[in-house]
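Engineer: Would you be able to build a 3D model of this:
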Amino acid sequence: MQLTVNGTPHQITADPQTPLLWVLRDVIGLTGTKYGCGVGQCGACTVHVNGQTMRSCSLQIGDLEGAEVTTIEGIGTPATLSVIQQAWIDNQVAQCGYCQSGQIMSAVSLLQATTRPTDADIDAAMSGNLCRCGTYPRIRAAIHDAARRLQGA
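Structural biologist: Reported below is the predicted structural model:
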């Protein structure tokens, strides 16, 4: 099957019931997307599929023929961080860091849909992403910071 990941086409040979998460990590070699719970509840495995925020652990590869997938590796690089990634660093969001790629992917979707999110918008958009370290106030601050930067303020 054909799958485009971060703008690069991939021909995938895998059991159609294989979760997208394992194809990304084990077949393609993109390990920024993390395994958390395996049932789509924690958000650690969040990616964008055809522009929609999805949990890669609960998507079967056989349902994604021709899909365009964006992972954390596709929104910035260590040399050229995205605005949200830079805001994450500047606001010292990460503690253990495990959930952060999923958190950032959800934040990117939020800022694409809502350019000036309120605290309520942020809480609603991020509610599916769990952080065991409890960095929620810093996550909210980073999203507000990134929104201001994207607005040029």
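Engineer: ok, the residue positioned nearest the centre of the chain to Gly62 distance?
Structural biologist: In the chain, the residue lying closest to the centroid (C-alpha atoms, centre = their mean) is Met105, at 2.4 Å. Separation of Met105 from Gly62 (C-beta to C-beta, to the nearest Å): 23 Å. In this view, the C-beta of every residue, glycine as well, is placed from N, C-alpha and C.
Engineer: And for Gly29, the neighbour number?
Structural biologist: 8 (other C-beta atoms under 10 Å).
Engineer: An error on my part: the question was meant for Ile75.
Structural biologist: 20.
Engineer: got it, and Leu110?
Structural biologist: Leu110: 21 neighbours (other C-beta under 10 Å).
Engineer: Could you do Arg132 as well?
Structural biologist: By other C-beta under 10 Å, neighbour count at Arg132 equals 11.
Engineer: shouldn't it be in contact with Cys96?
Structural biologist: Yes: here Arg132 reaches Cys96: they are 7.3 Å apart, a contact under C-beta atoms under 8 Å.
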